[in-house]
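Visitor: Fold the following and give me the result.
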Amino acid sequence: MELWDALQGLEPRWSGPWHEDELESLPASPGLFCVCACEGRGQSGEFRVVQPIYIGGSVNVRQAVQESQRLEHWRRFAGQGRQLCFGFMSAPPSGLDRMGNAMIAYYRPPANASAAVL
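Guide: Below is the predicted model:
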């Protein structure tokens, strides 16, 4: 089973994925974001989600991702030859910590293990 299919099986569902060159298209609303390693994105524009790297939350996901100082850090976790892509899950600001911690516990993304939780 593809990783993205597994992510889609959870409720509420993840939207996306958005490739790292499409960050301006991420929702500018409260929710969680999942940073993933992806492969592909050649001339066809197709890419495949390979591995979750980090899960975070913000009252404005687009701004949080675009202004993140962690992009290079996440790229190192993605590995050579891979790019980043992002998923979005709508969540009320009051539920960001609880939902984020549940998703982190479920997926165990490696960059969350080396950073403070949300």
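Visitor: any low-confidence regions in the protein?
Guide: For the chain, the stretches with pLDDT under 70 are 1-12, 41-45, 114-118.
Visitor: for the residue most central in space within it, what are its contacts?
Guide: For the chain, the residue sitting closest to the mean C-alpha position, by CA atoms, centre = their mean, is residue 34 at 1.8 Å. Counting by CB atoms under 8 Å, 6 or more residues apart in numbering, residue 34 touches 7, 14, 52, 54-55, 86-89, 103, 107, 109. Placement of C-beta: from N, CA and C, glycine included.
Visitor: mind listing what's buried in stretch 34-54?
Guide: 34-39, 41, 47, 49-54 (16 or more other CB atoms under 10 Å).
Visitor: hmm, which two among those residues are most spread apart?
Guide: Put simply, by CB to CB the two of these set farthest apart are 41 and 54, 19.3 Å from each other.
Visitor: quick revisit: for the residue nearest to the centre of the chain, which non-adjacent residue is spatially closest?
Guide: residue 87 (4.0 Å; CB to CB, 6 or more residues apart in numbering).
Visitor: need the contact list for the one you found.
Guide: In this structure, residue 87 makes contact with 4, 7, 14-18, 33-34, 36, judged by CB under 8 Å, 6+ apart.
Visitor: Show the subsequent helix or strand relative to the helix ranked longest in the chain.
Guide: Secondary structure assigned by DSSP state H gives helix 96-107 as the longest helix of the chain. Past helix 96-107, heading to the C-terminal end, the next element that is a helix or strand (DSSP states H and E) is helix 110-113.
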